[in-house]
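> can't give you the sequence, but here's the structure:
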């Protein structure tokens, strides 16, 4: 047995750091750990024989700090906010000191006598204190025999600073009246040049990139933070008729609590008193409030829009819908897509290769007869330009934003590996009842026979069916209630699977299967009309009283308002829709025809649904399955991509890859579209991160890049990847 725990890991500054921590944790016996640089979390499956302290000790032995998180919401937010303030202060002070150093180095008119010594005075605090996080990380890594991206930055800054000290004290750079011009390319002027502006400016550029990175990561996880903040902090509980305010953590199952207009519902429950409209948009993505009354279920953190409600708590803590949604989003963001693991492996071996390239550049130019100053500058440029921070951020930042945006739209993506499945899917198999249709029967058509008014007909039919619990009976009863006054039947009798009988206003009434009325009671039935309705997939009941059939009512499951447009959207996304239903062929084909599906599998048992998925896969199809019931669970697992309706059974939701909390079929299209766009953003980020290094390193090795320009370009590459990922926040759902 293993226990999932989450650690907040401190001190990580790049993807290589995350890889080191992950390797260290996974060396513990029985541990399976994933470390995400973007969320700064370590998600660990910890075996029972190990404690959380063992995991923390492993992280600390790698040179980082770790702290257990009961929940990675407010507590972790405070940690990140504090670190961001420290980083911002370091950036501001370093920038103030660096600006005059850069201006004096670039503009000869500002180079008064002994200006170089003022530059040394201003640059030294930046190199020593401003770049301290890079130096500290480098030293920690060296003690553990490792190198990270901080190693490249620290080596580059120290090398430029050390060269400047040598030139000032032992070369010609310390002489009175020394002049220096800024160039885009390294120069060949021996030891008469200093690189204090490079050492300080690179530090500021990297700090600026890290600050923007920190800010962007905060924004990218804003959706999850918003979810966490939606929960109520206190609740008004009714005890022995007295109302009192208590912390939400003290609420118990079965407690009755009050929710007034404008307040959020404290936890999941059942309405026991009152009626109101509840805004469930944070759970379902739907803006239209839902009317609730006694007996209706409500979800915690949704907003009570109008009336006063008294609710019985049916779930608390981690069992609530909000907690499950938050957990799903956190798990998705903490995981890694296969494409990210490739980037992590590249980043882990990249630093030692870059150091070798820098040494090769230095030695190569010296052997070629170049001035040491030029060879040294080219080597420093290689160290700085190669830092692959953008590579480490390419996947997790896009994943953070994409899954967070999905949660806002009612699409919960269970894990990062799901993204790549959505790209390959080309067939989408759809359950009928509860997926394409509402799963609720409704009256479609009424046919009167004989001399009877519609009101009289509905009074008899609705009153008699009102005493039955059958879904068809309830649909007829509800239809009649809206139009006539119902009465209580006398001598009510129900015949299982056939129909009901009773007296309504002294009328001996019978309602049920037309065949039953014809064979059991020898009543004349219009079989032609009944057959037409049944061919359309409708169920027909006959209504008779006093020995004569008075009319027929056809009912059927109602197609959801968005189903037809959703099917059209699937086709636009390159998916072939297939209907799989346990209903009879006539009903299934009629529904398929109305929504635009050509391929229908009808009369299918749960085990057969799996067989159909397997058959499609054997034909080379990559199949997505959308369902909502227990009978869909096995098919959801078998499919390459399982999508469950949020209104469905717990088992269907548990086994699915994507959960649609608003239960609209359009959300399935939205989920696939969002997942594909997130994957495309990840690939775009990786392309630019790789392309940047591939193009820039040869330029630096060839002596065609000033180290200060290299530092600015490296910082910009990380910021570009982050801002590109943030574009997903503007993703618009399928309408």
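Alright, I've got the coordinates. Since the model is a prediction, treat every value here as computed from it, not as a measurement. Residues are numbered from 1 along each chain as shown.
> can you pull the pLDDT of the residue nearest to residue 550 when sequence neighbours are not counted?
Closest residue to residue 550 apart from its sequence neighbours, by C-beta to C-beta, 6 or more residues apart in numbering: residue 452 at 4.8 Å. (Each C-beta comes from the backbone N, C-alpha and C, glycine too.) Note for residue 452: predicted pLDDT of 90.
> quick check: phi and psi at residue 452.
phi -150, psi 140 (degrees, to the nearest 10).
> is it true that it touches residue 549?
No. Between residue 452 and residue 549 there is no contact under C-beta atoms under 8 Å: 10.2 Å.
> and those two? Which one has more around it.
residue 549 (20 against 15; other C-beta atoms under 10 Å).
> do you know how far that one is from residue 448?
10 Å (C-beta to C-beta, to the nearest Å).
> all strands of the stretch 401-550 of the chain, in order?
Assigned by DSSP state E, counting those that start in this stretch, the stretch 401-550 of the chain shows strands spanning 411-413, 427-431, 437-448, 490-495, 499-504, 507-512, 539-545, 548-559.
> now the third one: buried residues?
Put plainly, it is strand 437-448. Residues of strand 437-448 classed as buried: 437-439, 441, 443-444, 446 (neighbour count, 16 or more other C-beta atoms under 10 Å).
> next one: the last one
Buried residues in strand 548-559, counted by 16+ other C-beta under 10 Å: 549-559.
> considering those, which is situated nearest to residue 47?
residue 557 (48.6 Å; C-beta to C-beta).
> quick check: bridge partners of the closest residue to the closest one other than its chain neighbours?
Leaving aside its sequence neighbours, residue 557 sits nearest to residue 437 (C-beta to C-beta, 6+ apart; 4.2 Å). Judged by DSSP bridges, the bridge partners of residue 437 are residue 559.
> and the one 10 residues further on, by the same measure?
Residues found in beta-bridge contact with residue 447 (criterion: DSSP bridges) are residue 552.
> does it touch residue 528 like I think?
No. Using C-beta under 8 Å, residue 447 is not in contact with residue 528; the gap is 10.7 Å.
> distance from the lengthiest helix in the chain to the middle of the chain?
For the chain, the longest helix by residue count, based on DSSP state H, is helix 666-701. Distance of helix 666-701 from the chain centroid (C-alpha atoms, centre = their mean, to the nearest Å) equals 17 Å.
> and the angle for that helix with strand 427-431?
Angle of helix 666-701 versus strand 427-431, following axes from the mean of the first three to the mean of the last three C-alpha atoms, to 10 degrees, is 150 degrees.
> just give me the neighbour total for the closest residue to residue 699 other than its chain neighbours.
Of all residues not flanking residue 699 in the chain, residue 705 sits nearest, at 4.9 Å (C-beta to C-beta, 6+ apart). By the criterion of other C-beta under 10 Å, residue 705 has 25 neighbours.
> just to revisit the earlier point, so for the longest helix of the chain, mean pLDDT?
85.
> okay, buried residues for it please.
So for helix 666-701, counting by 16+ other C-beta under 10 Å, buried means 666-679, 681-682, 684-686, 688-690, 692-693, 696-697, 699-701.
> same check, this time on stretch 558-571
Quick answer for stretch 558-571 (16+ other C-beta under 10 Å): 558-560, 562-567, 569-570.
> fine, thanks again, bye for now.
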